[in-house]
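A.B. asks: Give me a 3D structure for the following:
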Amino acid sequence: MTARAAVIHAPGYHCDIGPHVFPMSKFQRVRDSLIESGAIADHEIVTPQAADRATLERVHAPEYLDDLFAARMTWRTSDAEMPLTEEIANAYAWMAGGTLLAARMALECDAAANLGGGFHHAFAERAEGFCYLNDLAIAIQALRSERRIVRAAVVDVDLHQGNGTAHLFRDEPEVFTFSIHQERLYPDKERSDLDIGLDDETGDEPYLEALQRGLAEVWAHRPELVLLQAGADPFHADPLGALRLTFEGLKRRDRMVIEGCRARGIPVVITLGGGYASDLADVVRIHAQTCRLLFESESPAPLAELGATP
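C.D. replies: Here you go, the predicted model:
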């Protein structure tokens, strides 16, 4: 393998949320799929620490964190629309720690994947949409506070707009937020630095053309780190949306971002985000193929094929 990449996962990501549309079991299953396919060995997977309180408070309000870790269902936590126990709160802290470790390791080894995370609906003072902690923002703010980066970008290709991330960085010109999503769908939209809202039934080719246009603006920002929220929910069989991307379209989507970063020498971090297909194997396949792109031995495509200017 010519590409250098790290894969992050911990048993602490697992929690029991009962019967729920969000498939928490997918994190372990993606890990197992990568090992079974030979993409990575079990002993090569790196275990993070759960994000500590000081790290979380760089993004989230203390009062919100008090409610979250005491498992209190209040106005601050109830919009997550999922159960809340101490185990669940701790799992989100583990995954936030995973995204932070992935970001730190990406700066050293070019790329990293956290087999969890991507919780882009969480705001500073409240949860929303299955998201208790915004691990994307937590990782960026931690690295900025450590003076390891100044400029970053979030490329959010989930079915749903990354409204929490957009709001958190609305007054942060050094952090470029780009969301490409289904327009007529949850959530109530916040303003990202760049939003591309797509019509129902968009399909592969129009989607990829729009993504390429959007990435040109990301590259113009010249980020020192890109966090990719690679949700599996634009898939054609996902019941929560109607963008209708195929397996191949999703693979091309993620390759465009990853190889675009590589061609410009920008470290990239993958987080998994959403995915709700009735057959969980489809969700696992999509996430695993995204992660395997980090280990492809192909040379990066020419810049002209990856979104215009360097």
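
A.B. asks: and Ile270, which of the three is it?
C.D. replies: Put simply, Ile270 is strand when judged by DSSP: H, G, I helix; E, B strand; the rest coil.

A.B. asks: where in the stretch 101-250 of the chain is pLDDT low?
C.D. replies: Applying pLDDT under 70 to the stretch 101-250 of the chain flags no residue at all.

A.B. asks: All the strands of it, residue numbers only.
C.D. replies: 111-114, 152-156, 175-182, 194-198, 226-229 (DSSP state E, counting those that start in this stretch).

A.B. asks: Hmm, Glu174 is touching Leu143, no?
C.D. replies: No: in this structure, Glu174 is not within contact of Leu143 by C-beta atoms under 8 Å, at 11.4 Å. Placement of C-beta: from N, CA and C, glycine included.

A.B. asks: and these two? which has more neighbours close in?
C.D. replies: Higher neighbour count among Glu174 and Leu143: Leu143, with 20 against 15, using other C-beta atoms under 10 Å.

A.B. asks: Which neighbours do Glu174 and Leu143 have in common?
C.D. replies: Ala152 (C-beta atoms under 8 Å, 6 or more residues apart in numbering).

A.B. asks: circling back to that earlier point, and among the strands of the stretch 101-250 of the chain, the most buried is which?
C.D. replies: strand 111-114 (a mean of 31; mean count of other C-beta atoms under 10 Å).

A.B. asks: Report the strands that pair with that one, each with its relative direction.
C.D. replies: Strand 111-114 sits in its sheet next to strand 6-8 (parallel), strand 268-271 (parallel), going by DSSP bridges.

A.B. asks: now for those strands, which one comes closest to Thr202?
C.D. replies: strand 268-271 (22.6 Å; C-beta to C-beta).

A.B. asks: Identify the residues contacting that closest one?
C.D. replies: Counting by C-beta under 8 Å, 6+ apart, 99, 102-103, 106, 110-114, 116-118, 135-136, 139, 225-230, 254, 257-258, 261-262, 290-291, 294 sit against strand 268-271.

A.B. asks: what comes up buried for that strand?
C.D. replies: Residues of strand 268-271 classed as buried by neighbour count (16 or more other C-beta atoms under 10 Å): 268-271.
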